[in-house]
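>>> Structure, please.
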Amino acid sequence: MTLELLWEFTLAVVLLVVALRTLRVKHVIVYEYQKALKYTKGRYITTLDSGQYWILSFSSTIVPVDIRPEFITIQGQDVLSADGVTLKVSLAAEFQVADPNVAINKNVNFRTSLYLSLQMALREIVGKEKIDTLLENRAGISGKLMELTSQKASELGLKLILADVKDIMFPGEMKKAFAQVVKAQKDGLAALERARGETAALRSLANAARTIDGNPNLLQLRALQALSDSSGNTLVMGLPNGSVPLMKQSEKSAAPEHKDEAADS
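Numbers count the residues shown, from 1 in each chain. Take a look at the predicted model:
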């Protein structure tokens, strides 16, 4: 590169820098997790995707909007159920900005608006249900929340990903009452199981009695089995009339010796 060309290149760069400063051109980067609203002289022009942009800063402005999913929590709302019981219900919801233009330009605060929508939907759902239904069907509450608030979230420029009940809390008196109900249910189940066990045992005894009545020799066989399993020397059992006395083998072998000793004496 000759000296003349180098001079021309340097002059062009200087003129470009001066022009950029005069025009107030600004370099803006919109990141992957963002979208951006472009305004010219205060008026919304378009929504920009991620990338880099050059704008005239004296007339245009770019406002980035985070579009990553985020959570909102509604803590301990006092809600009256259909049967007149005051509950404290908390829930969590996940959402993300789907339309930055609507979310920013059409709402003062889209988070507050979504919070109120979820709060009102929760009160409406709980107010129509009784306590037993609420406890047995918590998943149903979440489904109804999604149904009632998804459309409202869309009108706010948001996408509601999920809405789920975190906790259902009762007043102190109600906790004691429910604890007593649960205890009574457990006691009833335990009594029922005991009754079933006793019934089964009695049924087995009755079947055994019928079997022995039909075949009395079974009782002697059972007695022999009991003798073989016994660790003592004497076993007293009630046997049917005409049955043969049963002795252990050790006692049988010892009996003649006793007789001989008696004869010798």
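>>> contacting residues around Gly157?
97-104, 106-107, 110 (C-beta atoms under 8 Å, 6 or more residues apart in numbering). Just so you know, the C-beta spots here come from the backbone N, C-alpha and C atoms, and that holds for glycine as well.
>>> at 6 Å instead, please
Gly157 sits next to 99, 102-103 when contact means C-beta atoms under 6 Å, 6 or more residues apart in numbering.
>>> quick one, phi/psi of it?
Dihedral pair for Gly157: phi 80, psi 20, per degrees, to the nearest 10.
>>> just to revisit the earlier point, by neighbour count, which of the contacts of Gly157 wins?
Counting neighbours by other C-beta atoms under 10 Å, the top entry in the contacts of Gly157 is Ala103, with 22 neighbours.
>>> Apart from its chain neighbours, what residue comes closest to that residue?
The shortest distance from Ala103 to any non-neighbouring residue, by C-beta to C-beta, 6 or more residues apart in numbering, is to Gly157 (3.4 Å).
>>> How much space separates that neighbour from Thr40?
21 Å (C-beta to C-beta, to the nearest Å).
>>> Domains in this structure, by residue range?
With domains defined by automatic domain parsing, the chain comprises 3-66, 70-170.
>>> of the ones you listed, which approaches Asp187 most closely?
Set against Asp187 and scored by C-beta to C-beta, the domains of the chain come closest in domain 70-170, at 19.5 Å.
>>> for Ile72, phi and psi?
The phi/psi pair for Ile72 (degrees, to the nearest 10) is phi -130, psi 140.
>>> Actually, Ile125.
phi -70, psi -50.
>>> Going by neighbour count, which residues in whichever strand or helix holds Ser142 are buried?
If you go by DSSP states H and E, Ser142 is part of helix 138-155. Within helix 138-155, the residues that qualify as buried by neighbour count (16 or more other C-beta atoms under 10 Å) are 141-142, 144-146, 148-150, 152-153.
>>> Regarding Leu116, what is its secondary structure?
Following DSSP: H, G, I helix; E, B strand; the rest coil, we place Leu116 in the helix state.
>>> Can we start the residue count at 816 from this point?
Renumbered: residue one is now 816, and that last one reads Leu931.
>>> that older thread, residues touching the helix holding Ser957, excluding its own?
932-933, 936, 940, 975, 978-980.
>>> could you dump those to JSON lines with distance to Leu863 and neighbour count?
Listed next are the contacts of helix 953-970 as JSON lines, based on distance: C-beta to C-beta, whole Å; neighbours: other C-beta atoms under 10 Å:
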{"residue": "Ser932", "distance to Leu863": "28", "neighbour count": "22"}
{"residue": "Leu933", "distance to Leu863": "30", "neighbour count": "25"}
{"residue": "Ala936", "distance to Leu863": "34", "neighbour count": "20"}
{"residue": "Ile940", "distance to Leu863": "39", "neighbour count": "21"}
{"residue": "Leu975", "distance to Leu863": "25", "neighbour count": "23"}
{"residue": "Ala978", "distance to Leu863": "30", "neighbour count": "27"}
{"residue": "Asp979", "distance to Leu863": "34", "neighbour count": "15"}
{"residue": "Val980", "distance to Leu863": "38", "neighbour count": "20"}
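>>> Which member of those residues is positioned nearest Ala1024?
The shortest approach to Ala1024 among the contacts of helix 953-970 belongs to Val980, at 57.3 Å (C-beta to C-beta).
>>> you'd agree that closest one is in a helix?
No. Counting by three-state DSSP, Val980 is not part of a helix but strand.
>>> which strand residues sit across from it in the sheet?
Assessed by DSSP bridges, Val980 has beta-bridge partners Leu906.
>>> So it is in contact with Leu906, correct?
Yes. With contacts counted by C-beta atoms under 6 Å, Val980 reaches Leu906, the gap being 5.1 Å.
>>> Could you export the helix holding Ser957 as CSV, CA atoms only?
C-alpha atoms of helix 953-970 as CSV (Å, rounded to 0.1, in the frame of the first residue of the first chain):
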residue,chain,number,x,y,z
ARG,A,953,-56.0,-30.9,44.2
ALA,A,954,-54.9,-31.7,40.7
GLY,A,955,-58.3,-30.7,39.5
ILE,A,956,-57.9,-27.3,41.1
SER,A,957,-54.7,-26.8,39.1
GLY,A,958,-56.4,-27.8,35.9
LYS,A,959,-59.3,-25.3,36.5
LEU,A,960,-56.7,-22.6,37.2
MET,A,961,-55.1,-23.2,33.9
GLU,A,962,-58.5,-23.1,32.1
LEU,A,963,-59.6,-19.8,33.8
THR,A,964,-56.3,-17.9,33.5
SER,A,965,-54.7,-19.1,30.3
GLN,A,966,-56.9,-16.9,28.1
LYS,A,967,-56.4,-13.9,30.4
ALA,A,968,-52.6,-14.4,30.3
SER,A,969,-52.8,-14.5,26.5
GLU,A,970,-54.6,-11.1,26.6
